[in-house]
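>>> sharing a sequence plus its predicted fold:
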Amino acid sequence: MRLSVAAWLVLLAGCPSSSHPSHPDPKLTAQEALAKLTAQRAARTSFVADTTMDYWLGDQRAKGEVLVMGAVGAKLRFAALSPAGGSTMAEMACDGTNFVYVDYQNNCQMAGPCDGRSIAQFFHIDLQPDDFIHLAVGTPPVIEGAPKLSWDGEHEKLEISGGQGTQRITFSPDTFDVATSELDGADGKLMWSVENRDFAAVDGQRVPGKTRFKSAANKQDLLVDWGSSSNRKVNSELPAAKFQLQAPAGLHNCK
């Protein structure tokens with residue numbers, strides 16, 4: 001049976017389209033996207049969160065409540081609480097220059113310069129303190145280099161190539177929420193990757209509700225549920241005293 005032209009049109013109208021959704025801002029350039037991401041990073045300078053983390057504590061895998069706060073300028077404070085009763089198992093503070101780490105379970109302490117190794121003492125991931133702060137507020141570090149922008153039908157995809165390697169960032173075209181970011185080193189090997197989801201507004205800033213960070217060099221990962229919006233603060237004034245930690249007397253050095 002032959003179909004009429006009208007019948008063909010009806011059939012074609014009912015067929016799903018294989019084309020991607022139209023680009024919401026086709027005039028957006030790579031430089032404009034990079035500037036927007038850089039501005040977001042600059043606008044988020046501190047945070048406080050009551051989190052649930054799945055992480056490495058020493059040589060043990062741990063999952064539980066971790067109180068976290070941070071401010072740009074290498075100021076960080078972590079306190080890992082015991083699932084059994086909320087007592088502190090371990091804590092670390094970076095005051096902008098030095099760090100102090102106390103492991104109450106093993107009665108040991110460490111101290112030294114506040115840098116990527118400081119974070120590694122607590123989480124086994126080598127990440128600069130300020131980069132960890134921006135990880136918490138959804139603005140992962142961005143390398144310097146030449147950017148290229150493309151559209152995959154759902155996300156903007158920004159690729160940056162420079163002396164540090166190649167970074168790929170996917171983000172929402174309307175809110176600029178960073179969904180993923182990964183960095184290949186100059187040798188082409190993956191250094192780290194970040195995945196964010198469940199974004200919500202906190203103090204006027206859109207921040208992720210959940211984050212997964214992978215460190216390829218250490219073969220470690222960190223899963224974070226940043227907690228409810230009511231238990232989070234962004235861009236609050238955090239006194240310097242909050243980033244001071246005194247180790248109890250008599251503790252031996254952690255191995």
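Cool, got the structure.
>>> how about the helices of the chain, start to end?
5-14, 30-43, 116-123, 129-136 (DSSP state H).
>>> so which of these is the most surrounded?
helix 129-136 (a mean of 22; mean count of other C-beta atoms under 10 Å). All C-beta atoms are positioned from the backbone trio N, CA, C, and that covers glycine.
>>> quick one: residues in contact with it.
41, 44, 46-47, 49, 68, 70-76, 94, 114-116, 118-119, 127, 140-141, 194, 207, 211, 213, 224, 226 (C-beta atoms under 8 Å, 6 or more residues apart in numbering).
>>> just confirm residue 170 contacts residue 182, I think it does.
No - counting by C-beta atoms under 8 Å, residue 170 does not reach residue 182; the two are 9.4 Å apart.
>>> residue 138 - how many residues pack around it?
27 (other C-beta atoms under 10 Å).
>>> contacting residues around it?
Per C-beta under 8 Å, 6+ apart, neighbours of residue 138: 40, 44, 177-178, 196, 199, 206-208, 211.
>>> switch the cut-off to 6 Å
178, 196, 207-208 (C-beta atoms under 6 Å, 6 or more residues apart in numbering).
>>> want to try a markdown table for those residues, with distance to residue 110, neighbour count and pLDDT as columns?
Output for those, formatted as a markdown table (distance: C-beta to C-beta, whole Å; neighbours: other C-beta atoms under 10 Å; pLDDT from 0 to 100):
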| residue | distance to residue 110 | neighbour count | pLDDT |
| --- | --- | --- | --- |
| 178 | 32 | 26 | 97 |
| 196 | 30 | 25 | 97 |
| 207 | 30 | 24 | 96 |
| 208 | 30 | 24 | 96 |
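>>> in CSV: the residues you listed, plus distance to residue 80.
Converted to CSV, the contacts of residue 138 look like this (distance: C-beta to C-beta, whole Å):
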residue, distance to residue 80
178, 26
196, 22
207, 21
208, 21
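>>> any idea how far residue 26 is from residue 153?
Distance, residue 26 to residue 153, by C-beta to C-beta, to the nearest Å: 13 Å.
>>> shared neighbours of these two, anything?
With C-beta under 6 Å, 6+ apart, residue 26 and residue 153 have no common neighbours.
>>> how about residue 29, what does it touch?
With C-beta under 6 Å, 6+ apart, residue 29 has no contacts at all.
>>> please apply the same query to residue 214.
193, 221.
>>> tell me the pLDDT of it.
Model confidence at residue 214, given as pLDDT, is 86.
>>> do the same with residue 35
pLDDT at residue 35 comes out at 93.
>>> residue 24 now?
65.
>>> ok, residue 122 next?
72.
>>> count of neighbours near the residue nearest to it when sequence neighbours are not counted?
Sequence neighbours aside, residue 92 is the residue nearest to residue 122 in space, at 4.9 Å (criterion: C-beta to C-beta, 6 or more residues apart in numbering). Residue 92 has 22 neighbouring residues, counting by other C-beta under 10 Å.
>>> please apply the same query to residue 243.
Neighbours of residue 243 using other C-beta under 10 Å come to 22.
>>> pull up the gap between it and residue 78, please.
Counting by C-beta to C-beta, the gap from residue 243 to residue 78 is 11 Å.
>>> if I look at the residue nearest to residue 122, how far off is residue 162?
31 Å.
>>> what of residue 236?
33 Å.
>>> again, but for residue 139
Distance from residue 139 to residue 162, by C-beta to C-beta: 18 Å.
>>> kindly report the same for residue 69.
With C-beta to C-beta as the criterion, residue 69 and residue 162 are 32 Å apart.
>>> quick one: which of residue 139 and residue 162 has more around it?
residue 139 (25 against 13).
>>> for residue 226, report the pLDDT, please.
For residue 226, the model assigns a pLDDT of 95.
>>> which ones are touching it?
49, 51, 209.
>>> and of those, the nearest to residue 255?
The nearest member of those to residue 255, counting by C-beta to C-beta, is residue 51 at 26.9 Å.
>>> quick check, that closest one in contact with residue 67.
No - look at residue 51 against residue 67 with C-beta atoms under 6 Å: they stay out of range, at 7.5 Å.
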